[in-house]
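1. Got a predicted structure plus its sequence, pasted below:
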Amino acid sequence: MLQGKLFFLEKIKGNEGIMEENQTTEQKNRFVEARKKKREAEKRKESGGSRMPVLIGAITVTAIAAVYVGVAVYFNSHFFFNSTVNGADSSCASVAVVKERIKKAGDEYVLTITEKDGTTEEIASSDIDLAIDVDNGDVEKFLARQNSIAWIGSLFHPTEYKNDAIVSYDHAKLAAAVKALPCATRKDVTETKDAKFTFDGSSFVVVDEVYGTNVELSALTASIAEAVTLLEPELNLYEDKCYVQPQVTAESEELNALVDELNKKLNIKITYDVGETVPASEIAKWLVPGEDATLSFDDEAMAEYVAKMASEYNTAGKPHTLQTTASGAVTVDRGTYGWRIDQPAEVEQLKKDIEKGEDVTREFVYSTTAASRTGNDYGNTYVEINLTAQTLYLYVNGELKMTTPCTTGTLSKGGATPTGIYGVMYKARDKYLSGGVGRNANAFVNYWMPFYGNYGMHDAQWRSSFGGNYYKTAGSNGCVNLPLASAKTLFNSIEANTPVFIYTSGADTQTEIATANAAVAVENKIASLPETITFGTEPALAEARAAFEALSDSSKELVSNIGALENDEVILQTLKDENPEAYAAYLQQQSEQTEIVEGGAGQPVEEAEENAEGAAAAE
């Protein structure tokens, strides 16, 4: 019974579910159909509503196009917006109107020229015979050249029409008018200057260009001609660049690059081992830029600086003082030994240092050097020669190694060995020396040590003794003669550039030299006497005798050829004694010739002129 009830209930539920399902499907179908009808209605509504904007847009475009075309038609007979014809405003004007405007502008035309300071000058149409010709068809051609359909572009881009045939003038009168303008003739102008560089005491800097008021006549003439052609009312000389324009401005890349390069060179440190550093201000004087922005050097300025250094640091040729072995402190003021800057070579080395662009510490470039930069530059190894004592001393490392007699240049023959301080030039063995006399004309020496030109120290085996007073009358030709053993010791103890200190000592040294030189002068006069003695030799003999007698006693003792003079005098006297009549005739002839030379009486003109010329030549 219970099972039957349950089955019945389940059956009822199943039918109800079927009924609900059928009812739901039907409702859904009605809902879908309603939405479909609603969408179709909306589409019809939308389709009908969108036609109005499209219609309005079409009408607007048509209207704009009509206006644009209408304006284009207008510009078939009128000039564009923002247009001019030879300076006259032709915007929206017809050909006739433009012509009238050009004529009026020409009739009333005055060009006002404004200078940089506001001063104005004028050129009137009558000054240049300005003429207007608008009937040559050019204005019509300008209009015909317009593409009227492109008129819209004229709103943004001005159009200028110009033809020299419309506006003409007398070119010669224009040129004359330009030259007569105050701006072209003014003398008190500011000159235009390019930008440049300068040294401000610490570095190179760019100096701005200067825009001056000196007129560029050709540019002024061209600008005025263009202004007249366009009938422009004003020309501004500054704005229109009628003044001479700078070719280089402060913004120039080349100029700034050059200044940078100069400053790089300027910052180089060149230091000499004596403690001297080349100042930047000096280097600034030396740097010279070329037109192609390359750098060169001012040789003169560099040479001036190096000469200053040489004056300060050279020791060669300056006085040197030596504490001598036996004569106290002696100073000599000549010689070749010492520090001497090779000035041309030093200038070239400075150029190389600057071009390399690196800091450097070095010594000067020297042509001669010395042993020391502190104290006495000759150091403590040197040769000392006392000409008065005829003695040579050799010092090595401050110790006296050798003392030896020597024979130096002959005073009586003017061949004294030169005093001063010199450096040994070189050493050589087994040399033949030229310049000697007699058997020493080509003398062989074992040890040769030159110190100045052909002057040197060497052995002299042809001498039997050294020292004493030989040097006064029978010395060398200027060299220092040494005993063989002494020359060998000297040769083995010194090197090239060893200092040689040569001096005289004693209060009477200079007097002795003067005495010897006076004797040598007389010796030369006697040596120049003719070999053959005649009556005509008498004046020369008398002159030589007078010169000898004028010598001091000490000088007379040094005249080695006085015997030759005495012998010639004996020969002349014998000649006069044996030929008295001939001698008298000679004297008479000499007297007559003297009168003729002094008075010229009785001479033919040609002979008198020749004698006068001869007398002048003799004087």
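-> Sure thing, it's come through.

2. going forward, measure contacts between C-alpha atoms and count neighbours the same way
-> Will do.

3. Return the mean pLDDT over stretch 104-113, rounded to an integer.
-> For stretch 104-113, mean pLDDT rounds to 83.

4. Give me the contact list for it.
-> For stretch 104-113, contacts defined as C-alpha atoms under 8 Å, 6 or more residues apart in numbering pick out 88, 120-125, 130-132, 167, 227-228, 231-237.

5. quick one: which of these sit in strands?
-> 88, 120-124, 131-132, 167, 234-236 (DSSP state E).

6. Now the two most distant members of the residues you listed.
-> Thr120 and Ile132 (25.5 Å; C-alpha to C-alpha).

7. Compare these two and say which one has the larger neighbour count.
-> Taking neighbours as other C-alpha atoms under 10 Å, Thr120 and Ile132 compare with Ile132 leading, 19 against 15.

8. can I assume the more buried one is in contact with Val167?
-> Yes: shown here, Ile132 and Val167 form a contact pair, counting by C-alpha atoms under 8 Å, at 4.9 Å.

9. Could I get the full set of helices for the stretch 1-150 of the chain?
-> Here the stretch 1-150 of the chain has its helices, by DSSP state H, counting those that start in this stretch, at 2-49, 51-74, 95-107, 138-144.

10. Just the pLDDT for Gln386.
-> Heads up, residue 386 is Asn, not Gln. So Asn386 comes in at 97 (pLDDT).

11. residue contacts, it?
-> Asn386 neighbours (C-alpha under 8 Å, 6+ apart): 392, 502-505.

12. In a markdown table, list those along with secondary structure.
-> Listed next are these as a markdown table, based on DSSP: H, G, I helix; E, B strand; the rest coil:
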| residue | secondary structure |
| --- | --- |
| Leu392 | strand |
| Ile502 | strand |
| Tyr503 | strand |
| Thr504 | coil |
| Ser505 | coil |
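
13. Going by neighbour count, which of the residues you listed comes out on top?
-> Leu392 (25 neighbours).

14. Give the closest residue to it in space, chain neighbours not counted.
-> Once flanking residues are discounted, Leu392 sits nearest to Ile385: 4.4 Å by C-alpha to C-alpha, 6 or more residues apart in numbering.

15. just for the stretch 1-150 of the chain, where's the confidence low?
-> 1-29, 31-32, 34-35, 38, 40-54 (pLDDT under 70).

16. ditto for the stretch 301-450 of the chain
-> The low-confidence ranges in the stretch 301-450 of the chain, as defined by pLDDT under 70, are 435-441.

17. make it 80
-> 412-414, 434-442 (pLDDT under 80).

18. Select only the buried ones of the contacts of stretch 104-113 in PyMOL?
-> Of these, the buried ones go into a single PyMOL selection, burial set by 16 or more other C-alpha atoms under 10 Å:
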select buried, resi 88+122+123+124+125+130+131+132+167+227+228+231+232+234+235+236+237
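
19. mind checking the SS state of the residue nearest to Leu392?
-> strand.

20. next one: the one 10 residues further on
-> Following three-state DSSP, the label given to Tyr395 is strand.

21. Just grab the bridge partners of it for me.
-> Tyr382, Leu400 (DSSP bridges).

22. Neighbours of it, how many?
-> 19.

23. any idea how far it is from Val95?
-> 115 Å (C-alpha to C-alpha, to the nearest Å).

24. In the chain, which strand is the longest?
-> Longest strand in the chain, counting by DSSP E: strand 442-452.

25. How many neighbouring residues does Thr229 have?
-> 22.

26. Leaving out sequence neighbours, find the closest residue to it.
-> Thr229's closest residue in space is Val167 (C-alpha to C-alpha, 6+ apart), at 5.6 Å.

27. Please list all residues in contact with the one you found.
-> Residues counted as contacts of Val167 (C-alpha under 8 Å, 6+ apart) are 86, 106, 130-133, 228-230.

28. now those as a markdown table including distance to Ser77?
-> Below are the contacts of Val167 laid out as a markdown table (distance: C-alpha to C-alpha, whole Å):
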| residue | distance to Ser77 |
| --- | --- |
| Asn86 | 18 |
| Gly106 | 24 |
| Leu130 | 29 |
| Ala131 | 26 |
| Ile132 | 22 |
| Asp133 | 20 |
| Val228 | 27 |
| Thr229 | 25 |
| Leu230 | 22 |
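
29. how about the strands in the stretch 401-550 of the chain?
-> Counting by DSSP state E, counting those that start in this stretch, the segments of the stretch 401-550 of the chain that form strands are 420-423, 428-434, 442-452, 455-459, 480-482, 499-503.

30. Adding distance to Glu346, write those strands out as JSON lines.
-> As requested, these are exported to JSON lines (distance: least, C-alpha to C-alpha, whole Å):
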{"stretch": "strand 420-423", "distance to Glu346": "22"}
{"stretch": "strand 428-434", "distance to Glu346": "31"}
{"stretch": "strand 442-452", "distance to Glu346": "24"}
{"stretch": "strand 455-459", "distance to Glu346": "29"}
{"stretch": "strand 480-482", "distance to Glu346": "35"}
{"stretch": "strand 499-503", "distance to Glu346": "24"}
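
31. Could you report the distance from the residue nearest to Ser372 when sequence neighbours are not counted to Tyr452?
-> Using C-alpha to C-alpha, 6+ apart and skipping the chain neighbours, the partner closest in space to Ser372 is Gly379 (5.9 Å). Distance of Gly379 to Tyr452, given as C-alpha to C-alpha: 20 Å.

32. same deal with Thr532?
-> Thr532 sits 41 Å away from Tyr452, going by C-alpha to C-alpha.

33. So the two - more neighbours on which side?
-> The neighbour count for Thr532 versus Tyr452, taken as other C-alpha under 10 Å, is higher for Tyr452 (18 against 9).

34. That one contacts Tyr422, correct?
-> Yes: under the criterion of C-alpha under 8 Å, Tyr452 makes contact with Tyr422 at 6.7 Å.

35. Which neighbours do the two have in common?
-> Contacts common to Tyr452 and Tyr422, judged by C-alpha under 8 Å, 6+ apart, are Thr336.

36. Then the residue nearest to Ser372 would be within a strand, right?
-> No: going by three-state DSSP, the assignment for Gly379 is coil, not a strand.

37. and it, how many residues sit next to it?
-> 17.

38. ok, now how distant is the residue lying closest to Leu143 once chain neighbours are set aside from Ala227?
-> Using C-alpha to C-alpha, 6+ apart and skipping residues adjacent in sequence, the residue nearest Leu143 is Phe79, 6.1 Å away. From Phe79 over to Ala227 the distance is 22 Å, taken as C-alpha to C-alpha.

39. ok, Thr249 - contacts?
-> 194-195, 208-209.

40. separation between the closest residue to Asp568 other than its chain neighbours and Arg545?
-> The shortest distance from Asp568 to any non-neighbouring residue, by C-alpha to C-alpha, 6+ apart, is to Ile533 (6.9 Å). Between Ile533 and Arg545 the distance is 15 Å, computed by C-alpha to C-alpha.

41. who's Trp448 bridged to?
-> Bridge pairing for Trp448 - DSSP bridges - gives Ala428, His458.

42. quick one: contacts for it?
-> With C-alpha under 8 Å, 6+ apart, Trp448 has these contacts: 427-431, 456-459, 491.

43. Got a quick PyMOL command for the buried subset of those?
-> Restricted to buried positions by 16+ other C-alpha under 10 Å, the PyMOL selection for the contacts of Trp448 reads:
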select buried, resi 427+456+457+458+459+491
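
44. between the contacts of Trp448, which is nearest Ala307?
-> Gly456 (30.9 Å).

45. From what I see, the closest one and Val480 are in contact.
-> Yes: shown here, Gly456 and Val480 form a contact pair, counting by C-alpha under 8 Å, at 6.2 Å.

46. For beta bridges, what are the partners of Leu287?
-> Beta bridges link Leu287 to Phe297 when assigned by DSSP bridges.
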